[in-house]
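Asker: My questions concern the predicted model and sequence given below.
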Amino acid sequence: MSIVELIFFFMTKAKHIPKLLQLFRDNGYDGATLSKISKEIGLGKASLYHHFPGGKDEMVKAVLDYLESETEENILQPLRSDEDVLARFQKMCDGIGNMFDGGKQPCMFAILLMGSSRNVFHEKVETLLRKWIDAIASVLIAEGLDKDLAVERGENAVLMIEGALILSQGLNDFAPFERVIRQLPQQLCQDLSPSPQPLGPSAPSALSSSQRSRNRSSKN
């Protein structure tokens with residue numbers, strides 16, 4: 001296969017992945033049969049196996065790779081920015097809102113942890129969830145929060161988002177999801193020390209003496 005043919009092959013394969021994601025979201029792993037996939041994608045079974053020789057499992061792996069890329073762009077990159085901590089968590093939540101279409105789309109991770117797909121994809125799903133939790137915790141630790149508390153807060157954040165997705169889907173009401181991603185940035189920043197303010201030669205301190213005393217005590 002020439003370089004041009006390889007490029008065309010991978011471009012053609014890549015364009016099917018968002019459709020596959022929606023198929024698995026709508027039907028689950030077990031419900032998305034090859035016949036249904038073939039019909040929705042517009043490829044015969046032979047062509048499907050040409051693009052995905054490993055069959056349905058390889059399709060799901062391609063979808064998870066796509067979601068990993070989306071997670072990196074929408075969630076992890078904002079958390080690594082140089083903005084203040086509240087702005088970073090707000091951008092993370094904006095990205096989450098975009099990824100799940102305001103709560104209208106179910107979480108693929110939850111879908112893959114049910115039924116026969118659990119044993120096949122659990123390790124990959126766990127890796128992606130831990131990467132998300134660790135990214136939140138890293139921001140909080142850098143802001144002075146205790147490591148164990150930072151990890152717990154990261155786990156709670158993911159729990160709230162996943163729970164809100166399930167509740168919104170079950171109620172057919174997306175207000176719970178919208179409320180969680182609106183409130184979450186402030187909740188994550190709760191009890192964090194204020195960022196130090198640059199002081200001029202004769203400018204008064206941004207912190208009161210009692211605040212400075214509390215900060216010194218917390219550091220000790």
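Answerer: Received it, and whenever you're ready, just let me know what you need.
Asker: low-confidence ranges in this structure?
Answerer: 1-12, 194-220 (pLDDT under 70).
Asker: Quick check: the gap between the residue positioned nearest the centre of it and Lys124.
Answerer: Centroid-nearest residue in the chain, with Cα atoms, centre = their mean: Thr71, separated by 4.6 Å. Counting by Cβ to Cβ, to the nearest Å, the separation of Thr71 from Lys124 is 12 Å. Just so you know, the C-beta spots here come from the backbone N, C-alpha and C atoms, and that holds for glycine as well.
Asker: Please enumerate the helices of the chain.
Answerer: With DSSP state H as the definition, the chain shows helices at residue ranges 3-31, 34-41, 45-51, 56-71, 77-79, 85-99, 108-112, 118-142, 147-171, 175-188, 209-219.
Asker: hang on, the residue nearest to the centre of the chain packs against Leu129?
Answerer: No - Thr71 lies out of contact with Leu129 (Cβ atoms under 8 Å); the separation is 9.8 Å.
Asker: residue contacts, the residue nearest to the centre of the chain?
Answerer: For Thr71, the contacting residues are Met99, Leu128, Lys131, Trp132, by Cβ atoms under 8 Å, 6 or more residues apart in numbering.
Asker: Any of the residues you listed buried? List them.
Answerer: When the contacts of Thr71 are checked for burial by 16 or more other Cβ atoms under 10 Å, the buried set is Met99, Leu128, Trp132.
Asker: Quick check: of those, which lies closest to Pro53?
Answerer: Leu128 (23.8 Å; Cβ to Cβ).
Asker: Which residues are in contact with that closest one?
Answerer: Here Leu128 is in contact with Leu64, Leu67, Glu68, Thr71, Phe109 (criterion: Cβ under 8 Å, 6+ apart).
Asker: Count residues in the vicinity of the residue nearest to Ala110 when sequence neighbours are not counted, would you?
Answerer: Nearest non-adjacent residue to Ala110, counting by Cβ to Cβ, 6 or more residues apart in numbering: Glu162, 6.4 Å away. A count of nearby residues for Glu162, using other Cβ atoms under 10 Å, gives 16.
Asker: I'd like to know how far Glu162 sits from Leu128.
Answerer: From Glu162 over to Leu128 the distance is 12 Å, taken as Cβ to Cβ.
Asker: what residues are shared contacts of those two?
Answerer: Phe109.
Asker: Which phi and psi values does Gly42 adopt?
Answerer: Reported as degrees, to the nearest 10, the phi and psi values for Gly42 are phi 90, psi 20.
Asker: And for it, the neighbour number?
Answerer: For Gly42, the count of nearby residues is 9 (other Cβ under 10 Å).
Asker: Contacts only, for the residue nearest to Ala110.
Answerer: Cys107, Phe109, Ala110.
Asker: Compare the residues you listed and tell me which is most surrounded.
Answerer: For the contacts of Glu162, the largest neighbour count, defined by other Cβ under 10 Å, is 20 neighbours, found at Phe109.
Asker: Check whether that one really touches Leu129, as I assumed.
Answerer: Yes - with contacts counted by Cβ under 8 Å, Phe109 reaches Leu129, the gap being 6.5 Å.
Asker: Just checking the distance from stretch 166-175 to the centre of its chain.
Answerer: Centroid separation between stretch 166-175 and its chain, computed with Cα atoms, centre = their mean, to the nearest Å, is 19 Å.
Asker: quick one: Lys91 and Leu171, what's the gap?
Answerer: Separation of Lys91 from Leu171 (Cβ to Cβ): 27 Å.
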